[in-house]
Structures are given as structure tokens and as C-alpha cells.
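Peer 1: turn this into a structure:
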Amino acid sequence: MPYFDAASAAPLHPVAREALLASLDEGWADPARLYREGRRARLLLDAAREAAAEAVGCRPDELVFTPSGTQAVHSGIFGALAARRRVGRRLLHSAVEHSSVLHAAEVHEAAGGTAAAVGVDRTGRIAAGDFGAALLPGTALACLQSANHEVGTEQPVEEVAELCQEAGVPLLVDAAQSLPWGPVPGAWSLMAASAHKWGGPPGVGLLAIRKGTRFAPQGPLDERESGRAPGFGNLPAIVAAAAALRALRVEAGTERDEAARLRGLVERIRARVPELVPDVEVVGDPEHRLPHLVTFSCLYVDGEILLQELDRAGFSVSSGSSCTSSTLTPSHVLRAMGVLSEGNVRVSLPYGTPEADVERFLEVLPGTVRSVRERLGVPTERPAPAGAGESVAEESALVVDALGERCPVPVIELGRAIGRVRVGGTVTVLSDDEVSAVDIPAWCWTQQQEYVGQEAADQGVAYVVRRSV
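Peer 2: Next up is the predicted model:
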């Protein structure tokens, strides 16, 4: 069964498996002890640290291992903020950061600090100049992911790091998604990552803090990991994680370069899906992107049903669609980008994905989407173009009552109604579904219709769309 959700957790790399089994025999003792078994464990830990530091692009004494990538992010953020409290209490981040950063920002604000988010364009990429302009006095820390976990867009970290350096603000980079494919360039100050994203075992994160960066570890401390990550770490898992990361680096640029091979497979998906499936928007930056990840959204599709059907067909994929969320709200990433959230599918190919699995996915997807749309009674024909349909579409304005309906029904009803008004006419959709605020403007973008705006109604919100074509 093809597993296409490496962005959540990659399968264990073959090298990691070998290293894990070997270190279970040699690395079980406490590396802080001076007897023979402890010294042997310490040698394994030091070797793992050196290998990981080389892959990251920092000194071994600048890197510590943590129990998870999330803890690495939280430790990095709160340690940097505490060390720069006299400078200010403002935290700056992009609007599409991982939830670990956003949760830390919420805690910081609850404790009396402030946080600000820099917006992104429709591809999910920030403008370095916008980020630099937001580095106001009193900013204690800036956070920017190297690449987005949902759409794969890479951020201009090197440019932002230079701007942060000029402003005297440390930059924390969440490199969880990009680190498997290469070191993050630029003069960043702190970096966090998670081993299960690159084929290491779960339960291992890393935090790099470059020399000269002011840092005050928070919480109870002990003598381990320079006092920055207390507790007896999972040494066999750490060794396996470092081995997997090093293996990916050694293979880079060779005939076994997985990044280059997976990039070709993803490019095939990006090109073929819009050809095979009508009304699909491929999201994310087409150039500045991760090699193994592609995300697309299918109009008029319930995301949860689509993922269930793909699972029945043998494909494990992920989604940022509100229809797959218990909160019934779209992913904050898709919302910030202003793209479709309904019917969202994220495909992230793990190490070693066969080409045949990608071809089979492209064969299965069109029929799966079609069956889901038919189940929802989706209109199969587009509105007649300007000059060809006025004799049929005589209405100048229609109101669609979608109150009480959830994604993707309001957009489906809009799609049905738009062909019944003449060009220049309007369709007003009444909806109390929070997702409509994202998906109706995004629908207009993809269908070349004009989004007039929205206003409060007696119940819910009235979204006004003018037919342009």
C-alpha cells in the first residue's frame, strides 16, 4: 500500500534501521557515567552529534538533542525570548508557521508578551522585504520556517537572516521539512528539526544554537545536553536519526540522490493532475519548493470522503481541508494563502517511492474525485461563456441559501447558480460556515469570476459574486 505522507512521518530509512539495531546492543548505558559501558555510549552520542552537526552546518557543541521537534521549537523560542527580555517582548513569525510555533506564540501572549505575523502571497511565500519591515524595535525573536509543511513552499531564509542580523534580532528557523534535503543557508541563530521527518525514529529532535546567540534555558535543568534538554535521551534512536540524516547527505548529488529523483516524480504529479481532473488548483510555489511534496485542492469535493476513498484505493495521503478537521475550519496555512481548502490533498513522497506507485496514483485519482463529486450532485458543466449563454441565463441576481450547510456544499450551490445569471449578474450566497470566507473568494479566483465582497446578514454572512465569463 503506497504511503504518501512523509511530511507527517517518513518511514524508517534503511540505514537508520541498521544503526538502531546495532546501537541497542552498544548504546543502552548512561553516557554520563565513567565506567566502560557509559564511555562506549558516550562515544556513540558524540559521533551522532558530530554527524548531525555536519549535516546541519553548525559546530557539534552548538547542537543538542531533544525528545521531539516540537520540544526543540518550544525550547528555542522560550529560551531566546527569556534571554532578550530587556530588549523587548515582541515575537515575529510568518503566518504559515507550524502549529508548534503558533502555540508558543499563544503562550507568550498569555504571559504578557506580543506576537505579530507576516503575511504570505498566494504561493505561501513571504516577501523578505515585508519581513524586514516588521522587525520593529522591541522585537526579541523572529521565527521563519525554511519550507512549509503543508504546501512545500520554501522561504527566503537567507535573505531574512541577513535582515535579522542587520536589525540585531536572532532568527529561529524551523527546518523540520527541509533539513532532509540539505542544510539551511544563511546566518540564522537557532534551528529546530525532527528526526521522523527524514527517516529517523520518532522521539528525536534537534536544536542548534549558534555561538553568540543569547539563550536562557527555561524549566528545570540538569547537566545533560549542556543544560538545554534535561533527561536521559533515547541514545539508540539518536544514533539512528543521525545515521539517516548523514546517509541522505552522502547520497546528495550522486546517482542515488533521492531529492532529484523525487523532484521529478512530484513534477509529474503537478503537471498531470490538472490535466486529468477538472477544477483542480495546485497550490504552493512552483519553483521554490521541497522536492518530495505537492498539494492540490479539488473543487466541489468533501475532503474527508476523498481521503477515505483514496485510502480504500490503497493510498495514504494527508489534507489541510476543513472537511477532514473536527474543528470544521481550514488549515491556517491555506487560509493565509487565500487558496481553496475544500478537497485538499497533500502528497509527500517518502524515500524510495517507486515510480510505478506514482503512476498508479495518477490512474486512480480521476475516477475517485469523479465518484465523490457525483455523490454530492456536483454540476458537470461550466457556465456558457460570455456571448453564448445570455439567451439561457436571464436572471440578473440570485440568492442562494446555504445556511446550515458545511463545506463543500456552499461552493457547490454557487457553482450551480452562477450559470443561471447573465454575465454581469450576481449570485449572493448566504452561509454560516466559516470556511466559506476562504473558499468562495478562492472559487472566484479559479473560475475567473469576480468576488464582490461580503457583509453580515440576519443569519450568517452574505457573499456576493459577479459573473464575469
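Peer 1: any idea where the helices of the protein begin and end?
Peer 2: In order along the chain, the chain carries the following helices (DSSP state H): 14-26, 36-56, 69-83, 99-110, 128-133, 157-167, 235-251, 258-276, 303-312, 332-337, 355-375, 409-418, 436-447.
Peer 1: confidence score at A32?
Peer 2: For A32, the pLDDT comes out at 88.
Peer 1: quick one on the thing from earlier: tell me which of the helices of the chain sits nearest to A208.
Peer 2: The closest of those to A208 is helix 36-56. By Cβ to Cβ, the value is 5.4 Å. In this view, the C-beta of every residue, glycine as well, is placed from N, C-alpha and C.
Peer 1: just want the angle from that closest one to helix 14-26.
Peer 2: Angle between the axes of helix 36-56 and helix 14-26 is 160 degrees (criterion: axes from the mean of the first three to the mean of the last three Cα atoms, to 10 degrees).
Peer 1: from the contact counts, what lies against helix 36-56?
Peer 2: When contacts are defined as 3 or more Cβ pairs under 8 Å, 6 or more residues apart in numbering; DSSP states H and E, helix 36-56 sits against helix 14-26, strand 63-66, strand 205-209, helix 235-251.
Peer 1: now it: buried residues?
Peer 2: Residues of helix 36-56 classed as buried under the neighbour-count rule (16 or more other Cβ atoms under 10 Å) are 41-42, 44-45, 48-49, 51-56.
Peer 1: where does pLDDT dip in the stretch 151-300 of the chain?
Peer 2: In the predicted model of the stretch 151-300 of the chain, residues 255 satisfy pLDDT under 70.
Peer 1: to L144, which of the helices and strands packed on helix 36-56 lies closest?
Peer 2: Checking the helices and strands packed on helix 36-56 against L144 by Cβ to Cβ gives strand 205-209 as the closest, at 14.9 Å.
Peer 1: pairing partners for the closest one, with directions?
Peer 2: strand 63-66 (antiparallel), strand 190-194 (antiparallel) (DSSP bridges).
Peer 1: any chance of those strands in JSON lines, plus mean neighbour count and distance to P441?
Peer 2: Below are those laid out as JSON lines (neighbours: other Cβ atoms under 10 Å; distance: least, Cβ to Cβ, whole Å):
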{"stretch": "strand 63-66", "mean neighbour count": "24", "distance to P441": "40"}
{"stretch": "strand 190-194", "mean neighbour count": "29", "distance to P441": "34"}
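Peer 1: those into JSON lines, with extra columns for distance to D433?
Peer 2: Listed next are the strands paired with strand 205-209 as JSON lines, based on distance: least, Cβ to Cβ, whole Å:
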{"stretch": "strand 63-66", "distance to D433": "39"}
{"stretch": "strand 190-194", "distance to D433": "34"}
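Peer 1: quick check: which of those strands is nearest to R210?
Peer 2: Proximity of the strands paired with strand 205-209 to R210 was assessed by Cβ to Cβ; the nearest stretch is strand 190-194, lying at 7.3 Å.
Peer 1: hmm, back to that, so which of the buried residues of helix 36-56 is the closest to G264?
Peer 2: Closest approach to G264 among the buried residues of helix 36-56 (Cβ to Cβ): A55, at 23.5 Å.
Peer 1: so that closest one sits against A243, correct?
Peer 2: No. Under the criterion of Cβ atoms under 8 Å, A55 lies out of contact with A243, with a separation of 10.6 Å.
Peer 1: dump stretch 43-53 to CSV, restricted to CA.
Peer 2: What follows is stretch 43-53, C-alpha atoms only, in CSV (Å, rounded to 0.1, in the frame of the first residue of the first chain):
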residue,chain,number,x,y,z
LEU,A,43,31.4,7.7,22.1
LEU,A,44,28.2,6.9,20.2
LEU,A,45,26.5,10.0,21.3
ASP,A,46,29.4,12.2,20.4
ALA,A,47,29.7,10.6,17.0
ALA,A,48,25.9,11.1,16.4
ARG,A,49,26.2,14.8,17.4
GLU,A,50,29.2,15.3,15.0
ALA,A,51,27.3,13.7,12.1
ALA,A,52,24.1,15.7,12.8
ALA,A,53,26.1,19.0,13.2
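Peer 1: chain center to it: distance?
Peer 2: Averaged C-alpha coordinates place stretch 43-53 at 29 Å from its chain's average position (Cα atoms, centre = their mean, to the nearest Å).
Peer 1: give me the neighbour count for the nearest residue to R40 once chain neighbours are set aside.
Peer 2: Nearest in space to R40, with sequence neighbours left out and distances taken as Cβ to Cβ, 6 or more residues apart in numbering, is E26 at 5.9 Å. By the other Cβ atoms under 10 Å criterion, the neighbourhood of E26 contains 15 residues.
Peer 1: show me the contacts for E26.
Peer 2: The contact partners of E26, taken as Cβ atoms under 8 Å, 6 or more residues apart in numbering, are 40-41, 44.
Peer 1: distance to G203 and pLDDT added to the residues you listed, as JSON lines?
Peer 2: Rendered in JSON lines, the data for the contacts of E26 read as follows (distance: Cβ to Cβ, whole Å; pLDDT from 0 to 100):
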{"residue": "R40", "distance to G203": "22", "pLDDT": "94"}
{"residue": "A41", "distance to G203": "17", "pLDDT": "93"}
{"residue": "L44", "distance to G203": "17", "pLDDT": "95"}
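Peer 1: shouldn't Q454 be in contact with V461?
Peer 2: Yes. The criterion here is Cβ under 8 Å, and Q454 meets it with V461 at 5.3 Å.
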